[in-house]
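>>> with the sequence up front, the predicted model follows.
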Amino acid sequence: MGLFDYFRSQKPKSAQVAKERLQILIAHERSAGREKGLDFLPQLRSDILEVIRRYVQVDDDQVNVQVEKGADYDVLELNITLPERTSAH
Amino acid sequence: MSRIVVVTSGKGGVGKTTTSAAFATGLAQKGFKTAVIDFDVGLRNLDLIMGCERRVVYDLINVISGEANIHQALIKDKRVENLFILPASQTRDKDALTQEGVEAVINSLKEDGFDFIVCDSPAGIERGAALAMYFADDAIIVTNPEVSSVRDSDRILGLLQSRTRKAERGEQVREHLLITRYSPNRVASGDMLAMEDILEILAVPLIGVIPESGSVLQASNSGVPVIMDKNSTAGQAYDDFVKRFLGETVPHRFLEVEKKGFFKRLFGG
């Protein structure tokens, strides 16, 4: 980096912006699981929701299913937000 | 035993045909009997890049529909021993390309003792692209350091992992990432995705980085695969890539900015 670049480097470089946009986008597209033999994910999600609802009432958007791809393994991530407790027994 | 290699990318214009031509030529130069098939039915271009456009008599669709046999359609390269080109049809309907037809063509090439069958995929994810990858043992994923190319490559990886014969049999297509049109200067200035960033996003083993080079256009102008231009950085990088594909350990080159003088370093540029 030259001397002038040092003073110019205030805003993030476009390559960095590109990387961050891609990471978010691709994580999202992979979580949809379209082509990776993971097209069962929406069904899995609604089955899980059904099981949870036998015990607690949760909203549709409180169950989040994501797949993250690692170098040689995939991680299935389940995120369930339970409703706030209004009053103790 | 033949090895079937698809050269694919999803996005158009990233260098699939340039890569297919260079790759097939490099394999043949190293003594392997190699056929390169153009799957871009309706828009053939491989013949032009290989410099054999005036020698096309029969094409892939003629062979599939039984109007010609494979030996009539294969064009033997005049410069490199062991290299054969099977052009795409220019006129026919894409529906003429069938899975059974492609399988029959590949089987007859196998019987003929080809070591490598290189499938030059069309852009997109339609029938031609799907069939180019279906029988593959290996895939070269050609990616530019640019957002839409990286995203499309990720889509293609998804297809390779689900819509291929290997995937259907519970096996895996070997994936190799080839980054093309790489400009170390622009990476250094922060205007281009770095090779490391692309690897982090796609998580596919890297097989080569081809630097941006005027010699690629010069090579296509004259119908000579760029790998035959041993003086150009792109030609040398393609040669390294072929060696790595064949199992050699070759360090990556042309990834760093060329050394600058004191004043340039002080004032940038």
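That came through fine. Numbering: from 1, shown residues only, chains lettered A, B, ... in the order given.

>>> chain A: strands as residue ranges?
Secondary structure of chain A (DSSP state E): strands located at A:63-69, A:74-80.

>>> residues contacting A:I48?
Contact analysis of A:I48 by CB atoms under 8 Å, 6 or more residues apart in numbering or on different chains lists A:V63, A:V65, A:L78, A:I80. Yep, even glycine has a C-beta here, placed from its N, CA and C like the rest.

>>> which strand residues bridge the closest residue in space to B:I140 that isn't next to it in sequence?
Computed as CB to CB, 6 or more residues apart in numbering or on different chains, the closest residue to B:I140 that is not its neighbour in sequence is B:V7, at 4.7 Å. B:V7 has these beta-bridge partners by DSSP bridges: B:D120, B:I140.

>>> of all the contacts of A:I48, which two lie farthest apart?
Spanning the widest gap among the contacts of A:I48 are A:V65 and A:I80, at 9.6 Å by CB to CB.

>>> of the two, who's got more company?
Neighbour comparison, A:V65 and A:I80: the larger count goes to A:V65, with 19 against 13 (by other CB atoms under 10 Å in any protein chain shown).

>>> for chain B, see how far away the more buried one is.
Separation of A:V65 from chain B (CB to the nearest CB, to the nearest Å): 17 Å.

>>> now that residue: how far from A:L22?
22 Å (CB to CB, to the nearest Å).

>>> give me the element the residue in the stretch 51-200 of chain B that chain A sits nearest to is part of.
As assessed by CB to the nearest CB, chain A sits closest to B:G190 within the stretch 51-200 of chain B, at 2.8 Å. Counting by DSSP states H and E, no helix or strand carries B:G190.

>>> contacting residues for the residue nearest to it when sequence neighbours are not counted?
Spatial nearest neighbour of B:G190, excluding adjacent residues (CB to CB, 6+ apart): A:K13 at 2.8 Å. By CB under 8 Å, 6+ apart, A:K13 lies in contact with B:S189, B:G190, B:D191.

>>> picking up where we left off before, ok, so of the contacts of A:I48, who is nearest chain B?
For the contacts of A:I48, the nearest to chain B is A:V65 (17.0 Å; CB to the nearest CB).
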